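**Q** What would the 3D arrangement of this be:
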Amino acid sequence: MDYGDTKGMESILTRSVSEDKRLSPIFEKLIYERNRKMVSKIEDLLRTKETYFVIVGAGHLVGNRGIIGNPEGKRIFVEQL
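**A** You can find the predicted model right below:
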């Protein structure tokens, strides 16, 4: 996996669920549900005039259900450093 390889990160993250569908509910709770909650919280922060530094695990950023490409159609724009 290359540095900044979001497709590779997504592949690693979802590999276990692809191999064993019984893990799907756990993955839903640990990753996707948390992503939705984080998006909501980040949106609340963005409505203020304050400056915030938000840190999340890399696994929460990748994929179309990640914080950046979340399924509700909301977009949080970030810059990969």
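**Q** Quick check: phi and psi on the residue with the largest distance to the centre of the chain?
**A** The C-alpha centroid of the chain is most remote from residue 49, which lies 24.3 Å away (Cα atoms, centre = their mean). Main-chain torsions, residue 49, degrees, to the nearest 10: phi -100, psi 10.
**Q** do you know how far it is from residue 42?
**A** From residue 49 over to residue 42 the distance is 15 Å, taken as Cβ to Cβ, to the nearest Å. Backbone N, C-alpha and C define where each C-beta goes, glycine included.
**Q** try residue 32
**A** Distance from residue 32 to residue 42, by Cβ to Cβ: 16 Å.
**Q** Next: residue 36.
**A** According to Cβ to Cβ, residue 36 and residue 42 sit 11 Å apart.
**Q** Ok, residue 17 next?
**A** Distance, residue 17 to residue 42, by Cβ to Cβ: 25 Å.
**Q** ok, now residue 20?
**A** For residue 20 relative to residue 42 (Cβ to Cβ), the value is 31 Å.
**Q** Compare those two (neighbour count), which wins?
**A** Just comparing residue 20 and residue 42: by other Cβ atoms under 10 Å the higher neighbour count belongs to residue 42, 16 against 9.
**Q** and that one, helix, strand or coil?
**A** Under DSSP: H, G, I helix; E, B strand; the rest coil, the three-state class of residue 42 is helix.
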